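Enquirer: Kindly generate the corresponding structure for this input.
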Amino acid sequence: MFKTIVNAFKTPDVRKRILYTLLLIVLFRLGCYITIPGVDTFALSEAMQNTNGMAGLINIISGGAFSRFSIFAMSITPYITASIVIQLLGFVVPSLEKLMKEGGEEGKNKINKYTKILTIFLALVEGIGLYLSYKSSGIFVGDGFLTGFLVVISLMTGTSLLMWLGDEITNRGIGNGISMIIFVGIVSSLPSMVTTIWNLILGTGAFDTVGLLISLGIIIGAIILIVGVIFVQQAERRIPVQYAKKVVGRRMVGAQNTHIPLKLAMAGVMPIIFASSFMTFPAMIIQMFVPDIATQTGFWSVIYNFSLATSSASVPVGYTIVNAIVYLLLIVGFTFFYTYATFNPSEIANNIKKNGGFIPGIRAGKPTSDYLASVMSKLLWFGGLFLAVIAILPMLTRFIPNVSNLVFGGTSILIVVGVALEMVQQLESLLVTRHYKGFLDK
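Expert: Residues are numbered from 1 along each chain as shown. I've put the predicted structure just below:
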């Protein structure tokens with residue numbers, strides 16, 4: 001593996017990509033420490049001492065930029081939301097669906113343009129919401145129109161800059177740019193996790209046996225979780241396909257044997273992102289209009305606490321249990337929805353039939369489509385339940401003393417491992433094209 005890394009740096013093209021990616025990551029991390037003009041840093045430190053709920057979620061993804069109210073405080077979440085909205089609209093708007101499937105490179109560029117326009121609009125809405133939410137906390141030097149305008153424009157500019165960084169990493173660097181920004185933001189929370197575990201062992205100044213056992217349990221659980229995520233991400237069900245002999249030009253092409261790879265987690269982390277956005281959306285809207293909702297009681301307080309039960313330690317246990325059940329059902333449902341939207345068994349079966357292929361033991365046409373749908377259904381049940389368990393696991397640590405602020409949860413591990421595997425595969429493909437051995441070779 002280390003020899004492969006050395007060979008990667010010896011290759012001019014790959015070395016340029018790696019160094020360029022590292023440069024943009026450094027720029028991203030520097031931007032996380034640039035506080036928005038007009039913010040009182042002393043009042044900010046008091047207001048952000050205990051970031052939980054919606055603020056805690058955003059703070060983890062942004063790599064701590066939210067707690068500093070930097071220009072990257074909103075991170076790349078408006079772009080993710082815009083991408084989800086455009087994909088969902090593509091399923092119900094015929095012209096947009098045709099553009100996605102048949103538009104080619106030009107259609108892809110138009111979709112990207114629509115996504116960026118929607119991102120700017122969502123960044124404007126979210127920026128106004130953040131300003132109104134924290135206006136009463138006194139973290140801003142002034143409360144006039146000019147201060148609000150400066151804060152919202154700074155947040156929108158930060159999100160736009162992150163979009164540009166993501167595109168640059170994707171086109172000229174290593175890995176997917178948006179995923180890389182989220183990856184770096186989550187990994188930057190590792191020192192906080194190490195500090196939390198260290199405080200469990202020596203938090204009172206003396207050796208704590210119970211804290212040591214809890215820390216060992218967390219570490220072992222994280223290792224098991226990482227191994228499980230890697231297994232599910234890499235595992236696939238291969239459906240054999242045989243093609244009969246056919247005439248191509250003046251030649252007779254012999255029969256071919258191939259397979260259709262069906263992964264256990266075809267949707268990746270998208271169902272969790274969909275479900276979490278769906279669950280936390282009510283809390284975000286309520287907090288925009290009622291900034292002190294966390295200290296109130298009543299109907300809207302119940303909705304607010306229920307919406308944040310997956311991301312806040314202060315929510316009652318009853319809300320957490322009900323929320324976990326709804327969260328699980330949403331993740332499984334979005335797993336089926338997203339996968340069937342991107343992988344159509346009927347279309348695959350028709351393509352196999354047109355090319356003279358068949359699955360051994362299965363007749364071509366509708367029987368092939370039914371067979372693929374049956375296999376996919378079984379895989380999706382396993383993959384959806386696995387994603388749901390991964391997403392709900394952090395709730396178990398939330399009620400352990402002194403572990404409620406452990407930021408590296410199951411979803412974070414899923415994202416980090418998925419992005420890391422994607423980077424390894426891309427780097428390996430770049431090296432293979434230059435006749436170097438890959439990471440998986442010995």
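Enquirer: got the end-to-end distance for stretch 263-271?
Expert: By C-alpha to C-alpha, to the nearest Å, the extent of stretch 263-271 from end to end equals 15 Å.
Enquirer: Measure how far it is from the centre of its chain, please.
Expert: The chain centroid and the centroid of stretch 263-271 are separated by 11 Å, computed with C-alpha atoms, centre = their mean, to the nearest Å.
Enquirer: Show the average pLDDT along it.
Expert: For stretch 263-271, mean pLDDT rounds to 78.
Enquirer: outside of it, which residues touch it?
Expert: By C-beta atoms under 8 Å, 6 or more residues apart in numbering, the list of residues contacting stretch 263-271 from outside reads 232-233, 235-237, 330-332, 334-335, 338-339, 342-343, 379-380, 382-384, 386-387, 411, 414-415, 418. Where you see a C-beta, it was placed from the backbone N, CA and C, and this is true even at glycine.
Enquirer: From the residues you listed, list the buried ones, please.
Expert: Those of the contacts of stretch 263-271 that meet the buried threshold are 232-233, 330-332, 334-335, 338-339, 343, 379-380, 383-384, 386-387, 411, 414-415, 418, by 16 or more other C-beta atoms under 10 Å.
Enquirer: any idea how far residue 77 is from residue 134?
Expert: Between residue 77 and residue 134 the computed distance is 17 Å (C-beta to C-beta, to the nearest Å).
Enquirer: I should have written residue 325 there, sorry.
Expert: Separation of residue 325 from residue 134 (C-beta to C-beta): 32 Å.
Enquirer: what about those two, which has more around it?
Expert: residue 134 (21 against 12; other C-beta atoms under 10 Å).
Enquirer: Which ones among the buried ones among the contacts of stretch 263-271 map onto helices?
Expert: 232-233, 330-332, 334-335, 338-339, 379-380, 383-384, 386-387, 411, 414-415, 418 (DSSP state H).
Enquirer: For whichever helix or strand residue 214 is part of, enumerate the helices and strands it packs against.
Expert: Assigned by DSSP states H and E, residue 214 belongs to helix 209-234. Helices and strands touching helix 209-234, by 3 or more C-beta pairs under 8 Å, 6 or more residues apart in numbering; DSSP states H and E, are helix 190-202, helix 366-392, helix 410-432.
Enquirer: In CSV: those, plus distance to residue 256 and mean pLDDT.
Expert: CSV is the format used below for the helices and strands packed on helix 209-234 (distance: least, C-beta to C-beta, whole Å; pLDDT from 0 to 100):
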stretch, distance to residue 256, mean pLDDT
helix 190-202, 47, 74
helix 366-392, 17, 86
helix 410-432, 23, 76
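Enquirer: picking that back up, would you mind listing the buried residues in the helix holding residue 214?
Expert: Buried, per 16+ other C-beta under 10 Å, within helix 209-234: 211, 214, 215, 218, 222, 225, 228, 229, 232, 233.
Enquirer: isn't the fourth one right up against residue 197?
Expert: This points to residue 218. Yes. Residue 218 is within contact range of residue 197, at 6.5 Å (criterion: C-beta atoms under 8 Å).
Enquirer: any idea how far residue 264 is from residue 423?
Expert: 21 Å.
Enquirer: residues in contact with stretch 344-360?
Expert: 239-244, 246, 260, 364-366, 368-373, 376.
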